[in-house]
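**Student:** Predicted coordinates and the sequence they were generated for:
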Amino acid sequence: MSWHEATIGEFVEIKHGFAFKGEFFDNDGDYVVLTPGNCHNGGGFKSKGEKEKRYSGEIPPGYLLSKGDLLVVMTDLVGTAPVLGGSFLIPEDNFYLHNQRLGLVTLKEGAEADLGFLYHLFNTHDYRGQVRGSASGATVRHTSPSRILACKVKVPELAVQKRIASILSAYDDLIENNRRRIALLEEAARLLYREWFVHFRFPGHEHVKIVDGVPTGWAKQPISKIWDISYGKNLPTAKISISGKYPVHGADKIIGFYSEKNVDESLCLVTCRGAGCGNVRRTFGPTFVTNNCFVFRPRMQPESIRFHFAIHTAQELRMQEMRTGAAQPQLTIAGIGHVEALVPKRELLHSYNEIVDPIFDQADLLRRQVNALSTARDLLLPRLMDGRVEVAA
């Protein structure tokens, strides 16, 4: 099998995105404005669900994307640049907008290259290392079309490129299918929470009186009495690596890895600093949580109040609306601790957990499968991409 060295610029062109106007961002726009956050660290499209930026303004020609379009990340807000230079494919037509900080990759006329192969090439360590090495900025890392186009790569003949893309895409399809199933399971749990604990249509609700918005036997308490709310720990960015033992939860996402942990179990996190201030997520076992996050540990009924109850409660409280500061949005423990939430009767929580615990167990099993598939794909990726594993056309 014959491989030859080339620059990426021999095959493609990269177009800058458009700076969509903030005045037209709203919750009900018909289109989604993509950001670097729509790329998984290892590459691939990442849906942000309710956190997506919607747009209702006029769209200039050429910036409404089509299914199969390839985008590359040109700005990373994290110093270790886990997504810089990474790529993802657009999953559907006429819904996503090509925003600034992302480059649209198109093949040059007559280029002996396959776009699917290039998508995987943009997610290899060798290429990503070149992009990070030439990037500018310390805290926020930037690259450009010209720097990406100058990256040196090795490529086989076109037929082999297509075969490699087909093999790796089979892994991607399985991973994406599991991610969709996870999203559906977690949405089912969220809807059940709302049905029982927001709309009060829980089992036996017909026989329960509601006084001042509180069902009989329930408690209404400040969240600081329901949960022990604490900051994570400070971790200098110099200590964070792009690989390692424990994932590091920073401002609104995992920003790298560290050799130590400060959380062992599944817990609710709320971002307390930055643009994503007030966003809710969770840990998945041993991890390191930085001081850009609140950590929720149950005080009341610790045997009954699971992480998923905390997550759904925090989402319903809409903490994004409680943040202060324009230049640097933030939440404080004093600022949110007095906010009240309902704690159902112990027996009802047990019934809820009997339904929801298996849902999250299944979702976590699928998530472990995703991790295993991703690991297998990532081990195979460089071996396919440098010819160590031979592939017939």
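**Tutor:** Looks like it arrived, so ask away. Here the structure is a predicted model, which is why all the values come from computation and not from measurement.
**Student:** got the residue ranges for the helices in this structure?
**Tutor:** Here the chain has its helices, by DSSP state H, at 115-121, 125-134, 145-149, 158-193, 223-226, 307-317, 333-337, 346-385.
**Student:** same for the lowest-mean-pLDDT helix or strand in the chain, what does it pack against?
**Tutor:** The least trusted helix or strand in the chain, going by mean pLDDT, DSSP states H and E, turns out to be strand 25-26, with a mean of 86. When contacts are defined as 3 or more CB pairs under 8 Å, 6 or more residues apart in numbering; DSSP states H and E, strand 25-26 packs onto strand 53-55. Placement of C-beta: from N, CA and C, glycine included.
**Student:** List the contacts of the strand it packs on.
**Tutor:** Residues external to strand 53-55 that are found in contact with it (CB atoms under 8 Å, 6 or more residues apart in numbering): 20, 24-33, 35, 97.
**Student:** quick one on the thing from earlier: the least confident helix or strand of the chain pairs with which strands?
**Tutor:** strand 53-55 (antiparallel) (DSSP bridges).
**Student:** Taking the contacts of strand 53-55, please make a ChimeraX selection of just the buried ones.
**Tutor:** Buried residues among those (16 or more other CB atoms under 10 Å), as a ChimeraX selection:
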select :20,29,31,32,33,35,97
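**Student:** Need the max-distance pair from the contacts of strand 53-55.
**Tutor:** Greatest spatial distance in those: Asp28 and Thr35, 18.7 Å, computed using CB to CB.
**Student:** so how far is Asp228 from Ser2?
**Tutor:** Distance, Ser2 to Asp228, by CB to CB, to the nearest Å: 62 Å.
**Student:** Which of those two has more residues huddled nearby?
**Tutor:** Shown here are Ser2 and Asp228; by other CB atoms under 10 Å, Asp228 has more neighbours (12 against 8).
**Student:** That one: what's it in contact with?
**Tutor:** So Asp228 contacts Phe296, Arg297, Pro298, Arg299 (CB under 8 Å, 6+ apart).
**Student:** Please state the offset of stretch 174-193 from the chain centre?
**Tutor:** With CA atoms, centre = their mean, to the nearest Å as the basis, stretch 174-193 stands 14 Å off its chain's centre.
**Student:** Tell me the buried residues in that stretch?
**Tutor:** Neighbour-count burial for stretch 174-193, with 16+ other CB under 10 Å as criterion, is recorded at Leu174, Ile175, Asn178, Arg179, Arg181, Ile182, Leu185, Glu186, Ala189, Arg190, Leu192, Tyr193.
**Student:** What's the local residue count around Ile34?
**Tutor:** Just to correct that, residue 34 is Leu rather than Ile. Applying other CB under 10 Å, we find 26 other residues in the vicinity of Leu34.
**Student:** Provide a list of residues in contact with it.
**Tutor:** Leu34 makes contact with Gly17, Leu65, Leu71, Tyr96, Leu97, His98, Asn99, Leu102, according to CB under 8 Å, 6+ apart.
**Student:** ranges for the strands of the stretch 1-150 of the chain?
**Tutor:** Secondary structure of the stretch 1-150 of the chain (DSSP state E, counting those that start in this stretch): strands at 3-7, 12-16, 25-26, 31-33, 53-55, 70-73, 75-76, 87-89, 96-97, 102-107, 141-142.
**Student:** Mind checking these for the one nearest to Gln369?
**Tutor:** strand 87-89 (20.7 Å).
**Student:** quick one: average confidence on that closest one?
**Tutor:** The average pLDDT within strand 87-89 is 96.
**Student:** Pull the residues that contact stretch 377-385.
**Tutor:** Stretch 377-385 has contacts (CB under 8 Å, 6+ apart) with 42, 120-121, 123-126, 154, 164, 167-168, 171-172, 175, 388-389, 391.
**Student:** Format the CA atom coordinates belonging to that stretch as PDB.
**Tutor:** Taking C-alpha atoms only, stretch 377-385 is exported to PDB below (Å, rounded to 0.1, in the frame of the first residue of the first chain):
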ATOM      1  CA  ARG A 377     -11.500   3.400  17.700                       C
ATOM      2  CA  ASP A 378      -8.700   5.700  19.100                       C
ATOM      3  CA  LEU A 379      -6.300   2.800  19.200                       C
ATOM      4  CA  LEU A 380      -7.100   1.800  15.700                       C
ATOM      5  CA  LEU A 381      -7.200   5.300  14.300                       C
ATOM      6  CA  PRO A 382      -3.400   6.100  14.300                       C
ATOM      7  CA  ARG A 383      -2.500   2.600  13.000                       C
ATOM      8  CA  LEU A 384      -4.900   3.000  10.100                       C
ATOM      9  CA  MET A 385      -3.800   6.500   9.400                       C
END
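**Student:** re the thing from before, any chance of the strands of the stretch 1-150 of the chain in a markdown table with distance to Arg383 as columns?
**Tutor:** Conversion of the strands of the stretch 1-150 of the chain to a markdown table gives the following (distance: least, CB to CB, whole Å):
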| stretch | distance to Arg383 |
| --- | --- |
| strand 3-7 | 13 |
| strand 12-16 | 24 |
| strand 25-26 | 43 |
| strand 31-33 | 35 |
| strand 53-55 | 38 |
| strand 70-73 | 23 |
| strand 75-76 | 26 |
| strand 87-89 | 19 |
| strand 96-97 | 32 |
| strand 102-107 | 24 |
| strand 141-142 | 28 |
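**Student:** Can I get the contacts of Leu34 in JSON lines including pLDDT?
**Tutor:** Putting the contacts of Leu34 into JSON lines (pLDDT from 0 to 100) gives the following:
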{"residue": "Gly17", "pLDDT": "95"}
{"residue": "Leu65", "pLDDT": "96"}
{"residue": "Leu71", "pLDDT": "97"}
{"residue": "Tyr96", "pLDDT": "96"}
{"residue": "Leu97", "pLDDT": "96"}
{"residue": "His98", "pLDDT": "97"}
{"residue": "Asn99", "pLDDT": "94"}
{"residue": "Leu102", "pLDDT": "97"}
